[in-house]
Structures are given as structure tokens and as C-alpha cells.
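Novice: mind folding the following:
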Amino acid sequence: MNKWFAWGIAVLTAAIILSAVGYIWILSAAYGNGSDQESRIGYTMKNVQRIPGDTPDQVGDSMLEMYATEPLEIPADPIAAAVLAPVAAARNQTLVYGAGGNDPENLDALVGESLTLLGDSPVIVVISAEEPAYALPAAYTAAYFRAPVVPAEEGSIPQNLQNSLENGEEKVIFVAAPERLLSEQFLEELEAFGEVNRVADNNIYRHALLWSRSRWDNFGWGMDENYHFDAYYNFVLANPETPEFAAAALPLAYQGNYGPLLYTQSGDLNDYVDQYFWGLSPDYFAFPSDGPFMNVRAVGDPESLSYNAQARADLALEVRSFKNQVAGASGLALLGWSWFFIGFFGAIWALFIMPKRLPYSSFYPRIYWPMAILVFGPAGILAFLMAYHERPVMSMGQMTKFKRPPWARALSATIMSTGVGMALMIASMYLFQFSGLPLLRTFEFTQLYWLGSPMTTIMWLIMVIPAIIVSSLFYMGPMMADMRQKKYWEGVKHAFPIVVLSMVSASIGMFVTAWYVMNWRGWMSGEDLWLWVTPLWISAAAGLFAALIPNYFMVKAGWKEGEM
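Specialist: Modelled structure (predicted):
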């Protein structure tokens, strides 16, 4: 009956630990892209502000109101806006979309004006006259870097572009259109006038990101998340299905907190953009107010660009501690999760390997070794190998023991006490944290206030005392009774002081380490943070080494044998 209780408690303890550890995976699945962001929704957020205007014309009016410079009124045409944005930037004017009427002016005349005014630019951007969504990310870049934008149709190079290229110095030409809009043959014809580069992707979302990430000498934003320093980056976010909004917001490319154009679908932040923002999200070292901070301007009505997409962008660009990524995985978090997975699979390995490869091992070691490896990870696996590898087997009456040197006996004896004991301590902490840690106000406003704090003595009591009681009654007690051929209660009486010494010493090592890494190093743990497992496993390993000291002396005094 005792063995059934011991096995049941081991399974329950492991289940509590694994369920608590698994919470972050469930949370990340539910809290990822596509999740409900209702709690973050607002017209203006910390990192993402929506430009007022439910129509492109209203967005254009907002631009004029924001920048209050001389207006350049243009027709309600995205291609015309793309052409005139670099002109407005060069003249320090604010492009006002739709103020020039609904009928586009002679586009050739606008292109000629742009090529003349911006003739010193070493770069020319060629766009397709069709599907303006592909043209606008390039137009944002051209507007900031004062490069002329020339729309073209498949099969013919615009005459004013030919005249400009023939009469001037050689230019670098960037074609911002996929092959289905402007073919390779068209690019070959352009090569007669200068160096030609296609900067385009059939996927409209990757297309915009390409223009945001790329840099060519002195042209291009160069905001590559893989090769960047934390900086005050700014972006414009729009829906490619409604390019008129992006066109109306073109002054955001060259005035104020300027930046490139990115695209997203209406219902949620696009996956490519979501990952891009997470990669760019800034880190602070000391205080959140140190920054840097990033900013996104969302343009479009709620049907074009939803509040959910806006909220997700706001979350992705939130400034975070360098050591604790909150919603992402830092290097320390990856270390902690690697430690956990090594322990998890190591525990499964030990659970099945002991009956097969160590048939002489008894019932209780087959429980406490898998539990120890689950908690201590690689340290538990190393201890297991040191305890059993090439250790001779001895027959002592009805008991089978392994002959080990003194240090290995002390290590085995420590695992005997802490393997289940530390797991019980961690499981007890989880259970109490789930319902809330108690707060004792008896010592309030006195120098002994810390005695009532849930983070000090109370946590220690609720972790250590239940572990001591359960381990004494269902593990060390029955095991001592079997080893010494005594009755159950005699085994419990013999085991109790041993368990107390082991658990108290282990808890001291665990608590001191936990307090250091959480309070002095800033690795504060929490179930909704990727980092939270790291201080837990580091502290558990510290508890193992702290418990080695009293266990060595207990083995030397004959209180424990360390040969199972």
C-alpha cells in the first residue's frame, strides 16, 4: 500500500510541475498572432497611433493639419501621389491627397516635372502604372531620399524617362514591380540606359518589407531586423487592398517622424510584419524610460485596418528588458527551456532504463531518480551516471546495493532525499501560487515585517514543510524500513531528521540563489514570461549542491548509506 501511495504522489507531483511549465506553451498559442487583443484596443496607443480619417481625403486633410507647411494639392490618384511625393519633399511641401480633384492631371507632365526637379538624384525608381499597392512602398523610399518616381507600362519605356537618361549621367534604376507587371524583357531594355535592379516580390507583404529592410549605398531605409542597432524607427501601416490610404499618408515618409510603408490585412497583423516587428522590438538595460521607442502610424478606417491589427503591432513593438523579453524568448530563457527539456526527456529515459538496465535497483530509486532528473536536468543526468556507471553490485541479505566511493555515496544519498523532496517543494509552490500566497500582517510596520511576507518565510514554510512531511511518510520512511527490515513507523522516525536536514539545506541553497537571480540580477520569474523557468532550474541545482554537504556527513556518520 505504501508503494502505491508513493507512486501516486510521484505521478501527481510530476503532473503539477509539467502542467505549470506547460502553461507558457498554452499561453503562447492562445496569445500569439490572431488572439484577442481587446484589452489593448484604443484609437491611440503607446506605440501605434491611428491617423484621423475614415476616407483617403480625410487622411490628406490630417496631413496638412499635422505638418502645417505649404500644401501641394494633388488628385485622388495613388500613382500621381507616388510621382509627386518626392517633388513635395524637395520643396518642403505637404502632399494633400484628393485636394486637386478626382481627375488625374496629365501624368506625363508630372513625371517630367519630377525628373527635372530631381535631376541630381543618382537613383530613379520605376513603378508599374497598374496595381499601385506595389508602387507605394518604393514611393515612400523615393520621397525621403528625393529620387524621381516614374510609372511605366509593360512593353514601352516612357519617353520622358528615355530623354532624361540619354541626356544626363548614368543612373541606378530600381524597378519596384514583380515580373508579372514589368517583365524581364522590359528590364533588359532599360539596361541600355544604366544599372537596373528589380526590388520586388510577388507577395505584397514581403514586397513592402523588402523596401523597408534594404539599403543600397546611400539609398534605402536599411531597417533589417537581423543587422540593426536599437534605434527610434518609425513606420506607416496600411492595407494593400486600399492603397489610397497609404498614398494619402505619403507625407509621413519625409516629414516629422518619417519611415517606410508596411502592409497588413484588415483582420489581424500580417504574420511577416508581426515577426518583423518582434525582431526589431527594442531592449532597455536599466529602466524602460531609457528607450529607445518605436512608432507606427496606422492609416485607414476600421474596416480597412482593424483595431486588432493595430493592437498587435503595439504589443510587438513594446520596449522590453534586455534580459527578460516578456513575450519573447531571450538567450537566458532559451537556456532555461533547454535545461527543462533535457530534464524532461532524461526523466522518461531513466524511468524506463532502470528496470531494464539496472534490474537490481529497488522500487524507490526507480521513483526518485526520474524525479531528480526532471528537476535537476543535466545535473541530474550527470549524477545518475556517476552513481551507477561501472559500479559493482553487492548482495546484502534481501537488499541489493551498489558499491560506490564515498563521494558517489554522498551524491546518491543527496539524490535520495532531494529527488522527490525538491519536486515536492516546487509542486507545493505552484499549488499555493495558483490560489495566491498568504500575507501575515502580524509584524506589519515593524522591523520583522519580512516574517509575514509571502516571498520570504511564508513561501519557505509552505514549500519545505509539506515536502518534509510527504517525503518522510511515503518515501524516506518506507525506504528506511525496507532497508533496515523494520516496521513502517520505525522507518519514518529514522528518516524524519534525515529528511529535515536534507530539505532545509537544499531549501537554503535554493532560496539564496533564487533571491540573488530574481532581485539582484533581475531575472524575475512569472508564468506568463518565457524567462520564468531559468531561475527555477538554476535555484534547484543550487539546492542540490547545498544539500551535498550535510549528506556527506550523514553518510560518513552511518545515518545514510547512499548505496541504493
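Novice: Gly259 should be in a helix, yeah?
Specialist: No. Per DSSP: H, G, I helix; E, B strand; the rest coil, Gly259 lies outside any helix segment and is coil.
Novice: so it sits right up against Leu250, yeah?
Specialist: No. Under the criterion of CB atoms under 8 Å, Gly259 makes no contact with Leu250, lying 11.9 Å away. Any C-beta I mention is one placed from the backbone N, CA and C, and that applies to glycine too.
Novice: out of the two, which sits in the more crowded spot?
Specialist: Neighbours were counted for Gly259 and for Leu250 using other CB atoms under 10 Å; Leu250 has more, 31 against 24.
Novice: contact partners for the more buried one?
Specialist: 81-82, 85, 88, 95, 97, 136, 139-140, 143 (CB atoms under 8 Å, 6 or more residues apart in numbering).
Novice: which SSE is Ala152 in?
Specialist: strand 149-152 (DSSP states H and E).
Novice: put the alpha carbons of the helix or strand where Phe235 lies into CSV.
Specialist: Take DSSP H and E as the rule and Phe235 turns out to sit in strand 234-238. Extracted as CSV, the C-alpha positions of strand 234-238 are listed here (Å, rounded to 0.1, in the frame of the first residue of the first chain):
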residue,chain,number,x,y,z
ASN,A,234,9.0,54.7,-37.4
PHE,A,235,6.6,53.0,-39.8
VAL,A,236,3.4,53.6,-41.6
LEU,A,237,0.9,50.6,-41.6
ALA,A,238,-1.8,50.3,-44.2
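Novice: and it, what does it pack against?
Specialist: Helices and strands touching strand 234-238, by 3 or more CB pairs under 8 Å, 6 or more residues apart in numbering; DSSP states H and E, are helix 243-248, strand 261-263, strand 295-298, helix 307-316.
Novice: which one of those lies closest to Lys493?
Specialist: helix 307-316 (56.7 Å; CB to CB).
Novice: re the thing from before, so what touches the strand holding Ala152?
Specialist: Contact with strand 149-152 is made by 79, 82-83, 85-86, 107, 111, 114-115, 124-129, 135, 138-139, 142, 158, 160-161, 182, 186, as judged by CB under 8 Å, 6+ apart.
Novice: which of those fall within strands?
Specialist: Counting by DSSP state E, these place 124-128 in strands.
Novice: which of those residues lies closest to Asp61?
Specialist: Taking the ones in strands among the contacts of strand 149-152 together and measuring to Asp61 by CB to CB, the closest member is Ile127, at 25.5 Å.
Novice: report pLDDT for that closest one.
Specialist: Confidence at Ile127, expressed as pLDDT, is 95.
Novice: quick one, what contacts the closest residue to it other than its chain neighbours?
Specialist: Nearest residue to Ile127 in three dimensions, chain neighbours excluded: Ala135, at 3.7 Å (CB to CB, 6 or more residues apart in numbering). Applying CB under 8 Å, 6+ apart to Ala135 gives the contacts 78-79, 82, 127-128, 149, 151, 176-177.
Novice: could those residues be laid out in CSV, adding neighbour count and distance to Ala506?
Specialist: What follows is the contacts of Ala135, written out as CSV (neighbours: other CB atoms under 10 Å; distance: CB to CB, whole Å):
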residue, neighbour count, distance to Ala506
Pro78, 24, 68
Ile79, 25, 72
Ala82, 29, 68
Ile127, 28, 68
Ser128, 22, 69
Val149, 30, 69
Pro151, 23, 73
Ala176, 27, 64
Ala177, 26, 66
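Novice: in the stretch 51-200 of the chain, which spans are helices?
Specialist: Ranges of helices within the stretch 51-200 of the chain are 56-67, 78-90, 107-117, 132-145, 159-167, 184-190, based on DSSP state H, counting those that start in this stretch.
Novice: helices or strands up against the first one?
Specialist: When contacts are defined as 3+ CB pairs under 8 Å, 6+ apart, helix 56-67 packs onto strand 94-97, helix 243-248.
Novice: report the buried residues of stretch 159-174.
Specialist: Going by neighbour count (16 or more other CB atoms under 10 Å), the buried part of stretch 159-174 is 160-161, 164-165, 171-174.
Novice: run the chain-centre distance for it.
Specialist: For stretch 159-174, the gap between its own C-alpha mean and the chain's C-alpha mean amounts to 47 Å (CA atoms, centre = their mean, to the nearest Å).
Novice: now do the strand or helix carrying Lys356, average pLDDT.
Specialist: Under the criterion of DSSP H and E, Lys356 resides in helix 331-357. On average, the pLDDT along helix 331-357 is 88.
Novice: can you check stretch 109-116 too?
Specialist: For stretch 109-116, mean pLDDT rounds to 89.
Novice: low-confidence ranges in the stretch 401-550 of the chain?
Specialist: The model of the stretch 401-550 of the chain has pLDDT under 70 over residues 433-440, 443, 449-458, 519, 521-530.
Novice: any idea how far Asp120 lies from Ser114?
Specialist: From Asp120 across to Ser114, the span is 12 Å (CB to CB, to the nearest Å).
Novice: higher neighbour count, the two?
Specialist: Ser114 (26 against 9).
Novice: isn't the more buried one up against Ala88?
Specialist: No. Look at Ser114 against Ala88 with CB under 8 Å: they stay out of range, at 10.2 Å.
Novice: let's see the pLDDT reported for Pro104.
Specialist: For Pro104, the model assigns a pLDDT of 58.
Novice: how far off centre is stretch 405-424?
Specialist: The answer for stretch 405-424 is 36 Å, by CA atoms, centre = their mean.
Novice: equivalent analysis for stretch 540-553, please.
Specialist: 34 Å.
Novice: send me it as PDB with only the CA atoms.
Specialist: Provided in PDB are the C-alpha atoms of stretch 540-553 (Å, rounded to 0.1, in the frame of the first residue of the first chain):
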ATOM      1  CA  ALA A 540      17.100  23.900  -7.900                       C
ATOM      2  CA  ALA A 541      20.600  22.900  -9.000                       C
ATOM      3  CA  ALA A 542      22.000  25.200  -6.300                       C
ATOM      4  CA  GLY A 543      19.800  23.400  -3.700                       C
ATOM      5  CA  LEU A 544      21.200  20.100  -4.800                       C
ATOM      6  CA  PHE A 545      24.800  21.200  -4.200                       C
ATOM      7  CA  ALA A 546      23.900  22.800  -0.900                       C
ATOM      8  CA  ALA A 547      22.300  19.500   0.300                       C
ATOM      9  CA  LEU A 548      25.500  17.600  -0.600                       C
ATOM     10  CA  ILE A 549      27.300  19.000   2.400                       C
ATOM     11  CA  PRO A 550      25.100  17.600   5.200                       C
ATOM     12  CA  ASN A 551      24.500  14.400   3.200                       C
ATOM     13  CA  TYR A 552      28.200  13.700   3.100                       C
ATOM     14  CA  PHE A 553      28.500  13.900   6.800                       C
END
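Novice: buried residues in it, which are they?
Specialist: 540-544, 546-548, 550-552.
Novice: narrow these to those in helices?
Specialist: Counting by DSSP state H, the part of the buried residues of stretch 540-553 found in helices is 540-544, 546-548, 550-552.
Novice: thinking again about what came up before, quick check: neighbours shared by Gly259 and Leu250?
Specialist: Overlap of the contact sets of Gly259 and Leu250 (by CB under 8 Å, 6+ apart) consists of Tyr140.
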